[in-house]
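Trainee: no sequence on this one, just coordinates:
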């Protein structure tokens with residue numbers, strides 16, 4: 001999704017415009033296999049990361065919102081917004097959780113709009129201090145395309161060195177709307193081991209191989225496999241570090257994001273500001289060519305988690321974008337927990 005072949009031609013002055021339009025063509029024709037959205041701050045959009053994240057927090061309920069803006073430097077911005085809510089409930093002495101997730105993705109000036117609405121159900125089980133979360137997710141995806149703003153490969157005019165929407169597109173079986181059901185499942189494990197808090201999750205998305213092509217064919221969206229892990233290590237009561245990694249595989253297309261956060265509580269327990277956080281992540285720097293470096297910062301104020309992130313482009317697009325990439329912001333609110341915890345206090349027998 002982030003790899004663009006830059007073709008040089010005799011129209012050097014039009015290089016920047018050609019690159020922008022070529023990116024548009026790639027993004028505006030998800031005819032064979034669509035690309036899923038992504039966030040550099042993947043842990044801040046938990047219900048999208050893994051259905052098993054439903055209910056994985058301390059509190060009664062949680063609300064979250066994410067926003068990503070990309071490729072403003074190419075004058076073809078791509079924006080992604082997500083809002084989510086999940087809540088715990090108890091049934092037959094079992095801890096369940098239910099959640100809802102809405103995603104809107106707008107792909108550049110071609111007006112490719114994608115809206116996704118998911119409902120999820122989670123179950124939490126504890127075995128010998130090992131905590132397991134299991135989740136399922138069912139959603140409906142609706143895509144629409146403004147054909148008046150789409151440029152196709154056959155509309156390239158070599159005389160002008162640009163694409164011309166007035167030229168015939170030679171696509172007779174291409175529609176403007178498509179929709180489909182979507183099914184996702186996942187599992188997550190975590191455990192507190194003294195100063196260590198490891199967490200490991202795995203999920204499968206698009207289990208039903210939905211048909212999402214704008215063309216009148218039977219191309220199906222392949223299953224996406226996601227592996228994510230993090231390890232929070234408390235160095236003291238005030239400082240922790242948390243390395244994390246995300247790996248996604250989508251029919252031969254891989255994405256890896258790896259890095260770490262560091263958290264600091266320098267204001268004391270009585271302060272409204274509970275924590276300051278900073279981190280750095282590298283995308284596709286281990287299994288393939290480096291795509292971007294993400295720098296992030298955040299704070300916990302009361303029960304609200306705030307975070308911002310900026311992607312610095314390191315791929316072949318850096319010449320056209322001047323290293324500018326994407327901007328992200330996330331906000332989460334977790335309510336207090338009203339569940340009474342019981343503790344065993346040893347005492348001497350007289």
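Mentor: Received the coordinates, thanks. In this text, all values refer to a predicted model and were calculated from it rather than measured experimentally.
Trainee: shouldn't residue 78 be in contact with residue 70?
Mentor: Yes - counting by CB atoms under 8 Å, residue 70 is a contact partner of residue 78 at 4.6 Å. For the C-beta atoms, the positions are set from N, CA and C on the backbone; glycine is no exception.
Trainee: so between the two, which is more surrounded?
Mentor: Neighbours were counted for residue 78 and for residue 70 using other CB atoms under 10 Å; residue 70 has more, 25 against 21.
Trainee: the helices in this structure, which residues?
Mentor: For the chain, the helices defined by DSSP state H cover 15-28, 46-49, 318-321.
Trainee: residues touching the closest residue to residue 46 other than its chain neighbours, list them.
Mentor: If the residues on either side of it in the chain are set aside, residue 46 comes closest to residue 53, at 3.6 Å by CB to CB, 6 or more residues apart in numbering. Residue 53 sits next to 46, 47, 122, 133, 135, 186, 188, 201 when contact means CB atoms under 8 Å, 6 or more residues apart in numbering.
Trainee: just residue 120 next, same as before
Mentor: 47, 51, 54, 86, 98, 99, 100, 101, 135, 136, 137, 138.
Trainee: one more: residue 47?
Mentor: 53, 54, 64, 84, 86, 99, 101, 118, 120, 137.
Trainee: which member of these is positioned nearest residue 260?
Mentor: residue 53 (19.7 Å; CB to CB).
Trainee: and the closest one, how far from residue 84?
Mentor: Distance, residue 53 to residue 84, by CB to CB, to the nearest Å: 9 Å.
Trainee: so what sits against both of these two?
Mentor: Joint contacts of residue 53 and residue 84 (CB under 8 Å, 6+ apart) are 46, 47.
Trainee: what about the residue lying closest to residue 113 once chain neighbours are set aside, distance to residue 119?
Mentor: Of all residues beyond its chain neighbours, the one nearest residue 113 is residue 144 (5.0 Å), with distances taken as CB to CB, 6+ apart. Distance from residue 144 to residue 119, counting by CB to CB: 22 Å.
Trainee: just to revisit the earlier point, between the contacts of residue 47, which is closest to residue 313?
Mentor: For the contacts of residue 47, the nearest to residue 313 is residue 64 (26.5 Å; CB to CB).
Trainee: where does pLDDT dip in the stretch 101-250 of the chain?
Mentor: Along the stretch 101-250 of the chain, the model assigns pLDDT under 70 to residues 108-110, 147-175, 214-218.
Trainee: and the strands in it?
Mentor: 112-127, 130-145, 156-157, 162-163, 177-190, 196-205, 224-234, 239-250 (DSSP state E, counting those that start in this stretch).
Trainee: buried set for the last one?
Mentor: By that I understand strand 239-250. 240, 242, 244, 245, 246, 247, 248, 249, 250 (16 or more other CB atoms under 10 Å).
Trainee: report all helices and strands that that strand contacts.
Mentor: strand 224-234, strand 253-264 (3 or more CB pairs under 8 Å, 6 or more residues apart in numbering; DSSP states H and E).
Trainee: same check, this time on the second one
Mentor: Of the remaining helices and strands, those touching strand 130-145 by 3+ CB pairs under 8 Å, 6+ apart are strand 112-127, strand 177-190.
Trainee: so what's the gap between it and the chain middle?
Mentor: 13 Å (CA atoms, centre = their mean, to the nearest Å).
Trainee: ok, now the last one?
Mentor: Offset of strand 239-250 from its chain centre (CA atoms, centre = their mean): 13 Å.
Trainee: got a list of contacts for it?
Mentor: If you take CB under 8 Å, 6+ apart as the criterion, strand 239-250 is touched by 33, 35-36, 38, 42-43, 49, 222, 224-235, 254-265, 279, 281, 287.
Trainee: got a quick ChimeraX command for the buried subset of the residues you listed?
Mentor: Selecting only the buried entries of these in ChimeraX, with 16+ other CB under 10 Å as the criterion:
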select :35,36,38,42,43,49,222,224,226,228,229,230,231,232,255,256,257,258,259,260,261,263,265,279,281
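Trainee: please work out how many residues are found near residue 117.
Mentor: Residue 117: 15 neighbours (other CB under 10 Å).
Trainee: how much space separates it from residue 335?
Mentor: For residue 117, the distance to residue 335 - CB to CB - is 23 Å.
Trainee: and for residue 142?
Mentor: 31 Å.
Trainee: same question for residue 278.
Mentor: 26 Å.
Trainee: next up, the contacts around residue 202.
Mentor: Residue 202 touches 50, 186, 187, 188, 225, 226, 227, 228, counting by CB under 8 Å, 6+ apart.
Trainee: how about a cut-off of 10 Å?
Mentor: 50, 52, 185-189, 225-229, 247 (CB atoms under 10 Å, 6 or more residues apart in numbering).
Trainee: beta partners of it?
Mentor: residue 187, residue 227 (DSSP bridges).
Trainee: can you report how many residues lie near residue 296?
Mentor: Neighbours of residue 296 (other CB under 10 Å): 21.
Trainee: hmm, residue 40 and it touching each other?
Mentor: Yes - counting by CB atoms under 10 Å, residue 296 touches residue 40, with 7.4 Å between them.
Trainee: who touches both of the two?
Mentor: 259, 281, 309, 310, 311, 328.
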